[in-house]
Each structure stands twice: as structure tokens, then as C-alpha cells.
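K.L.:
Need the 3D shape of this:
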Amino acid sequence: MATLTKKRKVADAKFDSNKAHTVAEASKVVKEITTTKFDASVDLAIRLGVDPRKANQMVRGTVTLPHGTGKVLRVLAIVTPDKEAEARAAGADFVGLDEYIEKIKNGWTDVDVIITMPSVMGKVGALGRVLGPRGLMPNPKTGTVTMDIGKAVTDSKGGKIDFKVDKAGIVHTGIGRASFDAQKLTENAMEVLQAIMKLKPSSARGTYVKSVYMSSTMSSGILIDPKTFN
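P.N.:
Next up is the predicted model:
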């Protein structure tokens, strides 16, 4: 643990934690202060001036990162037989219907995204207790309940992410990996931040974006000035 603390001190000395950075500056700094031996995830934490308990102040959306997430997602398509070929052609890792409903009932959730179609949602909806807590429940708002199965699979594989403000009013979302160059991190981050700006609820009062921090796994948070992307 002492080694980690030493590394952290050296890393943190490379930037001013009190300074508000531009998105581009933060993207460079996060690469400089990442000390993990593995390819760390780079994330944003965006604190919003909304009350998530009120339905009209819920901030939720989807965005396709221009450079992907850097993570290979395992996609399950729960579809009727006539849609199986389309799902496989688009790159779905698992394709089927009743056999996967049964597997999930028995606790199997070894996937990152589940895509289904409206006619099958009755069966999938019954799996709420298993899928809900893991954030795997398909939803029309995120494009994972659709008749266009091929596009949904391609989008998920290609860097489409969904985000949602939590009970504390914070949106946490990944924007890539430490191995990405700073330009790619900047462009991915801007895509997310611009999407969140567009989703500002009309009922929200006062400052909408209160703070934004960029960090990688186990690194300190780098403060971003909202004026630089607003």
C-alpha cells in the first residue's frame, strides 16, 4: 500500500487539483497521472443542479462515443426466430429466446447489454428482479427495445452508452481508456457533456452543471470548468 501512496503523491504533484481545467487539458493530465499497470477506465462524474426524485428533473440519455468505449461489450439479443439472423449478422454474441429467458431466471447474467423487441418484452419484463439491479433491463428510451435489432446491436458494439443521474444528482459515465490519446478522450468527453447540456430539464432552477471531474481508475479527480464546454 505504501508504494501506491508514493506513486499517487508523485502523480498528484503533476497537476493543480484546485485549478479548473478545459476538457482537453484534463484529458492530457489524466493520462499523465494514471499509474495502473492495466488499461484503466477513464470516467466523468458530473454533478447536476437537479432533484432526481422529481420525474420532471430526471436526466437520462444515450450517446455514441466517436471513438468507442475501449471495452468489448458482450451483447445478448433476445428475439423471435425471424430476427436471429439479423442479430447474428450485426455481431450479437448470444442470440435466442426461451433458452436465454430460462438461463437468466437461473441467475445467468454474463453479458453487458441485452437487446430485445416489443413483442418479447412481456417475457423479458418478468426478469426485472434479476436484470434491474444489474442495469441490464432493456428500455425503449435507450434503444434496446426495438424492431431494428441489427442497428441496436451495431450501436452497442460501436460505443453507444446510456447514462442516468443517480439519487445524489450525479451522472457517472465512462468515456474511454487510459490508452486512448488525449484527443480521443477529449472528443468522447465533449460528446457526453454536450448531450447532458441538451437534456437540461426546463424545471431545473439555478446552476445546472455544478461540477465536472475526470478521473481514471484509482487516480485523483481533475476538475473541469463547465464554461469551457457550455
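
K.L.:
Just name whatever secondary elements the longest helix seen in the chain is in contact with.
P.N.:
In the chain, assigned by DSSP state H, the helix with the most residues is helix 182-198. Here helix 182-198 touches helix 23-33, strand 41-48, strand 60-64, strand 160-164, strand 170-177, strand 209-216, going by 3 or more Cβ pairs under 8 Å, 6 or more residues apart in numbering; DSSP states H and E. Glycine gets a C-beta too; all of them are placed from N, C-alpha and C.

K.L.:
Please tabulate the ones you listed in TSV, including the columns distance to residue 144, mean neighbour count and mean pLDDT.
P.N.:
What follows is these, written out as TSV (distance: least, Cβ to Cβ, whole Å; neighbours: other Cβ atoms under 10 Å; pLDDT from 0 to 100):
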stretch	distance to residue 144	mean neighbour count	mean pLDDT
helix 23-33	28	21	95
strand 41-48	22	21	97
strand 60-64	9	16	90
strand 160-164	8	20	89
strand 170-177	16	21	96
strand 209-216	27	20	96
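
K.L.:
Redo the ones you listed as TSV? Include distance to residue 189.
P.N.:
Shown next, in TSV, are the helices and strands packed on helix 182-198 (distance: least, Cβ to Cβ, whole Å):
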stretch	distance to residue 189
helix 23-33	5
strand 41-48	6
strand 60-64	11
strand 160-164	12
strand 170-177	5
strand 209-216	7
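
K.L.:
re the thing from before, what comes up buried for the longest helix of the chain?
P.N.:
Residues of helix 182-198 classed as buried: 182, 184-193, 195-196 (neighbour count, 16 or more other Cβ atoms under 10 Å).

K.L.:
got JSON lines for these, with pLDDT and distance to residue 143 too?
P.N.:
What follows is these, written out as JSON lines (pLDDT from 0 to 100; distance: Cβ to Cβ, whole Å):
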{"residue": "182", "pLDDT": "97", "distance to residue 143": "29"}
{"residue": "184", "pLDDT": "97", "distance to residue 143": "23"}
{"residue": "185", "pLDDT": "98", "distance to residue 143": "24"}
{"residue": "186", "pLDDT": "97", "distance to residue 143": "25"}
{"residue": "187", "pLDDT": "97", "distance to residue 143": "21"}
{"residue": "188", "pLDDT": "97", "distance to residue 143": "19"}
{"residue": "189", "pLDDT": "97", "distance to residue 143": "22"}
{"residue": "190", "pLDDT": "97", "distance to residue 143": "21"}
{"residue": "191", "pLDDT": "96", "distance to residue 143": "16"}
{"residue": "192", "pLDDT": "97", "distance to residue 143": "16"}
{"residue": "193", "pLDDT": "97", "distance to residue 143": "20"}
{"residue": "195", "pLDDT": "95", "distance to residue 143": "14"}
{"residue": "196", "pLDDT": "96", "distance to residue 143": "18"}
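
K.L.:
Cheers, nothing more for now.
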